[in-house]
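K.L.:
sequence? don't have it. structure:
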């Protein structure tokens, strides 16, 4: 038993000695939709947790609360079963915690849908000699087969697509870049278990040219003539790789236009976000049309 | 105790009576990366689960297995704590189950990143009279304020963006549509807890014109002159709504081009997917360039 848990219990026992009917409530904060979020940080004995949870739910029901969220760090795994037995469901989980939710009204639940997609990027970086930055990977499905591919990676939690593309190119090849456009994207399903994947092909302008490959994940990295990249048998023989290489060639040879990011702010929370759209029409879009 | 749980225990006791050293192993199937996925369906007494899990892990280590996944339906919540105490971490969760994972090697884990984004759509449906299909919502931040907005919705698990846009327009307004283009998209963070959101503005061609609104979520639905939609004070005064309305006007007035979906197949799993790109260049992309 940890010191924190012990002190919680002592406090609780004292409470019972003095006021038999007084039960401590769980501390929650109100979310933007009028629900309650309980961020459990301190350990708690499961029996006491159940008593506090029942009393809290009773109060929240009186207040007309709807969604009750409980975030349980993995070290409080002993409270998962009690929470589920009190009517909570899983909502989402990450390595360090499990988020449970209980919709109190009898009406059909209106809860935010869980994240359904992982987001990845591939980077088209072309220098002044029409050479494209390519890598060979040490791991994954293309290892040890001699195929040169665009640098790719996964967008981190809370990371902008444009920032992820800049970071991945730098990590894998040492090349500094500026983000220009999303050239294309693809959506695929059951990428891992039931989850889907959105993959954005990004056009980047190189700001440095000295390739320094990452040792842990990258077998080799270099500049390669774009036509030679597109002519690789693996690229030619795989429909989706071939299409992407054609889009890359169209970008370099035919003034293909993708979507560029414009910083803006959201309507309600005033958060800074990027809107990606076809910048050919920028003058029509950022200047009033009438 | 359920009948299923009872029968499992009887079987297990018999096993122990006959062969003291024999321990039943958990049944797992191999995933595409050489890991093992245990889909726990039947109830199991936690003590027996721990014995079977330890024996199974020992065997998987001998086999050189790396990632061990255990999917626990919520009714088996009593096995969550034992799994965590044996070294498993949370990976992801949905209302009905929790997925745990244990990376057996001492090397740094190489596990698929969890889904980080929810995906939403907004639909621009314009008829032959330059009228746009708009709705007023019964719920959410725009309820009861007289604002007419584009039909919007969330992409379901495993659903294509184009299919989601068609479904949402039909559900909210009764209008049948054909998907044409993604006109723009925006990425925003902390949309719910730590998760992000990708929202795609989709241009749709109406195939029917008789508006029949959905009663549960929609207060009103109608065709409205596009210019009138864009001139609403709420749209004018909110930067991101205003930008999107300008893109919609540019689409109708200035031949703005977005990204259209082309069906293709993935390189490794031969799954059918959509690649979205600027179709103005289609002839350059689906015909070899040399």
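P.N.:
Right, received. Where do you want to start? Quick caveat, the model's predicted, so the values are computed rather than measured.

K.L.:
Would you mind measuring from residue A:158 to chain B?
P.N.:
5 Å (Cβ to the nearest Cβ, to the nearest Å). C-beta coordinates here come from the backbone N, C-alpha and C atoms, glycine included.

K.L.:
would you list every one of the helices in the stretch 51-200 of chain A?
P.N.:
A:80-85, A:161-173 (DSSP state H, counting those that start in this stretch).

K.L.:
Mind putting those helices into JSON lines with distance to residue A:127 and mean neighbour count?
P.N.:
Formatted as JSON lines, these follow (distance: least, Cβ to Cβ, whole Å; neighbours: other Cβ atoms under 10 Å in any protein chain shown):
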{"stretch": "helix A:80-85", "distance to residue A:127": "53", "mean neighbour count": "19"}
{"stretch": "helix A:161-173", "distance to residue A:127": "12", "mean neighbour count": "22"}
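
K.L.:
if I pick residue A:101, what's in contact with it?
P.N.:
A:67, A:68, A:69, A:70, A:88, A:89, A:91, A:111 (Cβ atoms under 8 Å, 6 or more residues apart in numbering or on different chains).

K.L.:
Enumerate every residue touching the last one.
P.N.:
Under the criterion of Cβ under 8 Å, 6+ apart, the neighbours of residue A:111 are A:67, A:91, A:101, A:103.

K.L.:
Tell me the one of those nearest chain B?
P.N.:
residue A:91 (6.9 Å; Cβ to the nearest Cβ).

K.L.:
Contacts only, for that closest one.
P.N.:
If a contact means Cβ under 8 Å, 6+ apart, then residue A:91 has A:69, A:99, A:100, A:101, A:111, A:114, B:93, B:95 as its contacts.

K.L.:
Quick one, which of these are buried?
P.N.:
Applying a neighbour-count criterion of 16 or more other Cβ atoms under 10 Å in any protein chain shown, the buried members of these are A:69, A:99, A:100, A:101, A:111, A:114, B:93.

K.L.:
Now tabulate the residues you listed in CSV and tack on distance to residue A:283 and pLDDT.
P.N.:
Output for the buried ones among the contacts of residue A:91, formatted as CSV (distance: Cβ to Cβ, whole Å; pLDDT from 0 to 100):
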residue, distance to residue A:283, pLDDT
A:69, 45, 97
A:99, 45, 97
A:100, 50, 98
A:101, 46, 97
A:111, 42, 88
A:114, 40, 90
B:93, 47, 95
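
K.L.:
Please narrow the residues you listed to those residing in strands.
P.N.:
Within the buried ones among the contacts of residue A:91, residues falling in strands by DSSP state E are A:69, A:99, A:100, A:101, B:93.

K.L.:
Could I get these in a markdown table, plus columns for distance to residue B:62?
P.N.:
Shown next, in a markdown table, are these (distance: Cβ to Cβ, whole Å):
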| residue | distance to residue B:62 |
| --- | --- |
| A:69 | 42 |
| A:99 | 36 |
| A:100 | 36 |
| A:101 | 40 |
| B:93 | 30 |
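
K.L.:
Out of those residues, flag the one nearest to residue B:155.
P.N.:
residue B:93 (19.3 Å; Cβ to Cβ).

K.L.:
so the closest one bridges to which residues?
P.N.:
residue B:98 (DSSP bridges).

K.L.:
need the contact list for it.
P.N.:
By Cβ under 8 Å, 6+ apart, the neighbours of residue B:93 are A:90, A:91, A:92, A:93, A:98, A:99, B:99.

K.L.:
Please determine how far the fifth one is located from residue B:121.
P.N.:
For residue A:98, the distance to residue B:121 equals 29 Å [Cβ to Cβ, to the nearest Å].

K.L.:
Look at these two and report which has more neighbours.
P.N.:
Using other Cβ atoms under 10 Å in any protein chain shown as the criterion, residue A:98 and residue B:121 rank with residue B:121 on top: 29 against 26.

K.L.:
Tell me how chain A divides into domains.
P.N.:
The record's domain parsing of chain A by the TED database lists A:28-103, A:117-259.

K.L.:
And the last one, end to end?
P.N.:
Same thing as domain A:117-259. One end of domain A:117-259 sits 20 Å from the other (Cα to Cα, to the nearest Å).

K.L.:
again, but for the shortest one
P.N.:
Chord length of domain A:28-103, first to last residue, is 15 Å (Cα to Cα).

K.L.:
How far does that domain sit from its chain's centre?
P.N.:
23 Å (Cα atoms, centre = their mean, to the nearest Å).

K.L.:
ok, so of the contacts of residue B:93, who is nearest residue B:197?
P.N.:
Using Cβ to Cβ, the contacts of residue B:93 come closest to residue B:197 at residue A:92, 14.0 Å.

K.L.:
The closest one contacts residue A:113, correct?
P.N.:
No. The pair residue A:92 / residue A:113 is not scored as a contact, 10.0 Å apart, by Cβ atoms under 8 Å.

K.L.:
And the two? Which one has more around it.
P.N.:
Taking neighbours as other Cβ under 10 Å, residue A:92 and residue A:113 compare with residue A:92 leading, 24 against 16.

K.L.:
Report the contact partners of residue A:54.
P.N.:
residue A:86.

K.L.:
Check it and give its pLDDT.
P.N.:
Listed pLDDT for residue A:54 reads 97.

K.L.:
Distance of it relative to chain B?
P.N.:
Per Cβ to the nearest Cβ, residue A:54 is found 18 Å from chain B.

K.L.:
Also residue A:149?
P.N.:
The value you get for residue A:149 to chain B, if Cβ to the nearest Cβ is used, is 10 Å.

K.L.:
cool, residue A:46 as well?
P.N.:
Computed as Cβ to the nearest Cβ, the residue A:46 to chain B distance reads 10 Å.

K.L.:
and the stretch 1-150 of chain A, which residues reach chain B?
P.N.:
With Cβ under 8 Å from any Cβ of the partner chain as the criterion, the stretch 1-150 of chain A meets chain B at residues A:74, A:77-78, A:80-81, A:84-85, A:89-99, A:110, A:112-119, A:139, A:141.

K.L.:
Take the helices of the stretch 51-200 of chain A and write them to TSV, including mean pLDDT.
P.N.:
Below are those laid out as TSV (pLDDT from 0 to 100):
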stretch	mean pLDDT
helix A:80-85	98
helix A:161-173	98
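
K.L.:
Please identify which of those helices is closest to residue B:63.
P.N.:
Of the helices of the stretch 51-200 of chain A, nearest to residue B:63 by Cβ to Cβ is helix A:80-85, at 30.0 Å.

K.L.:
residues in contact with the closest one?
P.N.:
Helix A:80-85 has contacts (Cβ under 8 Å, 6+ apart) with A:46, A:49-50, A:53, A:70, A:72, A:98, A:100, B:74, B:77-78, B:80-81.

K.L.:
Identify, from the residues you listed, the entry nearest to residue B:194.
P.N.:
Closest to residue B:194, out of all of those and judged by Cβ to Cβ, is residue A:98, at 13.5 Å.
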